[in-house]
Structures are given as structure tokens and as C-alpha cells.
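Enquirer: Build me a model from this:
(one chain, ligands or ions: 1)
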Amino acid sequence: MRERLLAAEKVKSIEWRDGGLHLLDQRKLPMQECWLVCDSAVAVADAIRQMVVRGAPAIGISAAYGLVLGLKARLAAGGDWREALEADFQSLADSRPTAVNLFWALNRMRERLGRLKPGEDPLAVLEAEAIAIHDSDREANLTMAQFGVELIRKHKASPQNLLTHCNTGALATGGFGTALGVIRAAHLEGLVELVHADETRPWLQGSRLTAWELAGEGVPVSLNTDSAAAHLMKTKAITWVIVGADRITANGDVANKIGTYQLAVTAMHHGVRFMVVAPSSTIDMGLENGDDIPIEERAGQELLEFNGQRFAAEVEVFNPVFDVTPADLIDAIVTEKGVVERPNAEKMTELMSRKRLH
Ligand SMILES: CSC[C@H]1O[C@H](OP(=O)(O)O)[C@H](O)[C@@H]1O
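Expert: Numbers count the residues shown, from 1 in each chain. Alright, predicted model coming up:
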């Protein structure tokens, strides 16, 4: 299967070349495919904050490259580069609060700098670490896709209807995708009748990004409003809701795009299985449960206007862009380390004790 998945990799959203970070501007998709080149840590932090690049793993990978850009500038400026680099760590850490992959990547880069040997070139070491983070995410995507397909096939080994939320594909990761990677692989294995994609208001990751990725690869996809999801689960024989994650806590609670929690409640009511797909860089064992996950609130303009055109009345806006699904509503968490069915604290601890495969 792995060879088929590798052959199916098409879209890339992040490219590190010529000493710069090239990002496919996801604010412009699907109408325009524009690339933005970042040449500093602050530029990468801004790109994350403005969602030029988004998606938990992609945010972490971009932040790692952002640090490389920061170190390059600090070394050129002379002086105490370690002290100066703290400002870049902070800029990147302040960019978005919920996806723990950002902090996981920054900590991994900091830890690598802490192991510098005398005579090692810090820039070469840090660049290699960022590339390793990128490559390991891509590998993890492929492994998770295989685990997810096996799980789907275990319950039903014929074409079936799936529902997904937001965008968890190549645009959100270093390669094949998390939840959308499982869905892509299920399609390649003949297990997909139709993918129902929530448009995912207000930023429309579903209608603008997921629909674009799937349609571009001939995966049968139907776009629906977020509020149609319950009706679809009631009437369209959906077997799985498959979503990504931005932060999973030690007991298996999952923060993901706003609207995920209500999908999980509805899925439980309709007997639809609920799968979360995320690399272990999304798991925050430092948080006991989801109550303490920082939930990002974005500007009200995201609800009040579209493409700068206002269409809503003059009112207050509440725009949390993530919510938390309790572990007891989740059938399976699929990671590159393995699958946890009916997640709980004990099972998450055992999962995280396993050696990383990539
Ligand atoms: C592969 S995880 C993607 C994850 O990130 C998305 O959020 P955003 O588009 O705001 O970065 C959403 O929560 C997805 O599930």
C-alpha cells in the first residue's frame, strides 16, 4: 500500500529551498495558487498568524524552518546568537495558541541546540533538524493512512460513505495528510463510496481546501453546510466521521476545528464511528484533560464579511475556532505509533511510551 500512497502524493504546501521557506498561500486557494516566500522568523510567524499556512503539523514544520531563518540572521548580526534567538522563539510561539505541534517543534529545535557539540555549525544542525521534522511528519502521514484504512476495513470491507471536517490533507501537513490521508488511502483501497466534506465555516477550509484536494485527485466528494452533517448522518449511511486534531491531552480529549465536538455528539447518537487522526507531535501529555487547552478566538471579520465584503448586521461576534471533544465520544485515535480504540489516560500513556516509528 505504501507505494500506492507515495505515488498519490501530489499537493505540497511547504517547500524549503534556496535558503527560504516557500508557502502556498492557503488564503487564496482554490481560486489562486500563489506562493509566498518567507525570509525571516517574524515573516513565518506572521504567515502562521494570518493562516497563509495552517493545520497543526504544517504550523509546527513552518515554525521549525522559521527558527532556521532566525538563526541565520542572528549569526550574521554577530554577538550572542543564543540570546538573540529567544526573540524568534517568542515570535513564533505567539503566532497561534492551540496547535501543540507548534510548541512541540520549537521545543525540539531548542533541545537540539542544547546538544550542540564544539565545532558544530549551529545553522547546519538546526536546518537538518527542521528538515527531519518535515520528513518525519510526511512518513507519519503514510503510516497513519495505513493504520486508518485497516481500521475502516476491519468494520466494513466495502465502499462506504465518510464525513470529514475542516482540512487535514497535504495542505495541513508535511505530506499526505492526517484524516484526509486516511480518506485518500481508503479511496485508493476501494473503500470509499462518497466523502461528505463540511464546508467548515467561517474560514471554509472544507469548501476551499478539502474539496480542492479531493476533487483534484478524483476522490468522490460532496460539499455540505456544517449544519447538514446531522441530517447526513441520519439519512446517508455514513460509517465514519474522520477528523484531525490540534491538541490531544493525556486522557484522550481532542481539540480540533470548531464544530468537531457537535459532530462527535451527533455521531454517537446515530451510531456513526468517530476517528481522530493525528501524529504524536499533536499529543500534549502535559495537559491532563481538554479543559485547559487554549482555544484560539479569531477576529469577528471572519464571520461578518467575505473577501472584504460585509454581509452581516452590526453585531458582536464570538469566533472560537476550536472546540474540545471528550475522549468518551471518540472511537479511535490513529497515530503513527499505533491506534488507540476507546481512548483513556492509561491507553494514551501506553501509546506514548512506544518508540517513535519515524
Ligand atoms: C492536520 S491537522 C489540521 C487541523 O488544523 C485545522 O485548524 P486550522 O485550519 O485553523 O489551522 C483544523 O483544526 C484541522 O483539523
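
Enquirer: pLDDT wise, what is L287 at?
Expert: The pLDDT attached to L287 in the predicted structure is 98.

Enquirer: and it, how far is that from the ligand?
Expert: Summarising the geometry, the distance separating L287 from the ligand, computed by CB to the nearest ligand atom, to the nearest Å, is 17 Å. The C-beta positions use only the backbone N, C-alpha and C, and glycine is treated the same way.

Enquirer: I'd like to know how many residues surround that residue.
Expert: Applying the criterion other CB atoms under 10 Å, we find 19 residues in the vicinity of L287.

Enquirer: what do you get for F306?
Expert: 13.

Enquirer: OK, contacts around R273?
Expert: Contact analysis of R273 by CB atoms under 8 Å, 6 or more residues apart in numbering lists 155, 239-241, 267, 331-332.

Enquirer: And the buried ones among those residues, selectable in ChimeraX?
Expert: Provided next is the ChimeraX selection string for whichever of the contacts of R273 are buried by 16 or more other CB atoms under 10 Å:
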select :239,240,241,267,331,332
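
Enquirer: Mind checking which of the contacts of R273 land in helices?
Expert: Of the positions in the contacts of R273, 155, 267 sit in helices, assigned by DSSP state H.

Enquirer: Is it correct that R82 is in contact with R110?
Expert: No - counting by CB atoms under 8 Å, R82 does not reach R110; the two are 10.0 Å apart.

Enquirer: Just the ones of the contacts of R273 in strands?
Expert: Where these overlap with strands, as defined by DSSP state E, the overlap consists of 239-241, 332.

Enquirer: which ones are touching the residue in the stretch 101-250 of the chain that the ligand sits nearest to?
Expert: The shortest separation between the stretch 101-250 of the chain and the ligand is 3.2 Å, found at G244 (distances taken as CB to the nearest ligand atom). Taking CB under 8 Å, 6+ apart as the contact definition, G244 lies against 55-56, 166, 168, 172, 178-180, 256-257, 276-278.

Enquirer: which one of those residues is nearest E199?
Expert: The shortest distance between E199 and any of the contacts of G244, using CB to CB, involves C166 and amounts to 9.7 Å.

Enquirer: wait, is that closest one part of a helix?
Expert: No - C166 is assigned coil when assessed by DSSP: H, G, I helix; E, B strand; the rest coil, not a helix.

Enquirer: residues contacting it?
Expert: Contacts were defined as CB under 8 Å, 6+ apart; by that measure C166 touches 198, 200, 205-206, 210, 243-244, 256-257, 259-260.

Enquirer: Next, count neighbours for the closest residue to I283 other than its chain neighbours.
Expert: In space, and not counting its chain neighbours, I283 is closest to I248: 4.7 Å by CB to CB, 6 or more residues apart in numbering. Taking other CB under 10 Å as the criterion, the count of residues near I248 is 32.

Enquirer: Look up phi and psi at I248.
Expert: phi -120, psi 130 (degrees, to the nearest 10).

Enquirer: Tell me who's in contact with it.
Expert: Listed by CB under 8 Å, 6+ apart, the contact set of I248 reads 254-255, 276, 278, 282-284, 333, 348.

Enquirer: let's see 10 Å
Expert: The neighbours of I248, taking CB atoms under 10 Å, 6 or more residues apart in numbering as the test, are 56, 100, 254-256, 276, 278, 280, 282-285, 287, 290, 293, 325, 327, 330, 333, 335, 340, 343, 348, 351.

Enquirer: where exactly do the helices run in the stretch 101-250 of the chain?
Expert: 122-155, 179-188, 205, 211-216, 229-235 (DSSP state H, counting those that start in this stretch).

Enquirer: low pLDDT regions in this structure?
Expert: Within the chain, the ranges that satisfy pLDDT under 70 run 357-358.

Enquirer: what residues does it put near the ligand?
Expert: For the chain, the residues in contact with the ligand under the definition CB under 6 Å from any ligand atom are 54-57, 166, 168, 172-173, 178, 205, 243-244, 246, 256-257, 321.

Enquirer: what do you get if the cut-off is 5 Å, keeping everything else the same?
Expert: 54-56, 166, 168, 172, 178, 205, 244, 246, 256-257 (CB under 5 Å from any ligand atom).

Enquirer: Phi, psi for the residue of the stretch 251-358 of the chain found nearest the ligand please.
Expert: Of the stretch 251-358 of the chain, the residue with the smallest distance to the ligand, taken as CB to the nearest ligand atom, is K257 at 3.5 Å. With angles defined as degrees, to the nearest 10, K257 shows backbone torsions of phi -50, psi 140.

Enquirer: The chain - how does it break down into domains?
Expert: If you go by automatic domain parsing, the domain ranges for the chain are 2-135, 144-352.

Enquirer: Can you tell me which of those domains is most buried?
Expert: With neighbours defined as mean count of other CB atoms under 10 Å, the domains of the chain peak in mean count at domain 144-352, which reaches a mean of 20.

Enquirer: now do the same end-to-end measure for that domain.
Expert: Domain 144-352 has an end-to-end distance of 15 Å (CA to CA, to the nearest Å).

Enquirer: can I get the residues of the chain next to the ligand in CSV with distance to Q309?
Expert: Supplementary listing: the residues of the chain next to the ligand in CSV, determined by distance: CB to CB, whole Å:
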residue, distance to Q309
R54, 22
G55, 26
A56, 30
C166, 23
T168, 28
A172, 27
T178, 33
Q205, 20
G244, 30
D246, 29
N256, 29
K257, 24
